[in-house]
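**Student:** Turn this into a model:
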Amino acid sequence: MTENARLIAKKIFNVIAQIEAKVHNKPLDKIHFHEVGAIDSIVDIVSFSVLIDDLNPEKVYFSTLYDGHRSVECQHGLIPVPVPAVCEIVSRYQLPIAITDTKGEMITPTGAAIAAVVSSGEKLPKNGFIIKKTGIEKGKRNYNLPILRVHSIFNN
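**Tutor:** Residues are numbered from 1 along each chain as shown. Have a look, this model is predicted:
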């Protein structure tokens, strides 16, 4: 793992730590990574950091993030969707979000933190762009829509 990949991973974990502290109304040094500490979240963050470091994009653009509604069961019990940590991240980092008719969580705090850290904060070029490659990941949940779609582009 390169030093830059480590830095990206640390930034993502730091976003989550700050949000957990705020959501749980605790000082930063008193929070713990409960669900985020699960091995799959650590693997997701570290793997993403290695990948984005290797790709080394000039800019990362995000369209609107889409979440479901209702509630989700977690370590703290039943909580509303979007979960409080996601609401706080999209608010703090001004990430656009829309709520769909899908019942359940489509954006995790980990995913929102990744978007917050790597987003260039810009919209896709208005004069158009050319899609070179597309990747789609659905994850483990059974939703009708792809959860993540990534395009490799270059400006027109």
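**Student:** Excluding covalently adjacent residues, which one is nearest to Val118?
**Tutor:** Val60 (4.5 Å; CB to CB, 6 or more residues apart in numbering). To be clear about C-beta, it is placed using only N, CA and C from the backbone, and glycine gets the same treatment.
**Student:** my read: that neighbour touches Glu122, true?
**Tutor:** No - counting by CB atoms under 8 Å, no contact exists between Val60 and Glu122, whose distance comes to 9.1 Å.
**Student:** Compare neighbour counts for the two and give me the winner.
**Tutor:** Under the criterion of other CB atoms under 10 Å, the comparison of Val60 against Glu122 puts Val60 first, with 16 against 10.
**Student:** Tell me the secondary structure of that one, please.
**Tutor:** coil (DSSP: H, G, I helix; E, B strand; the rest coil).
**Student:** Give me the distance between it and Ser71.
**Tutor:** Distance, Val60 to Ser71, by CB to CB, to the nearest Å: 31 Å.
**Student:** rewinding a little: now do the residue nearest to Val118, the pLDDT please.
**Tutor:** Looking at Val60, its pLDDT is 90.
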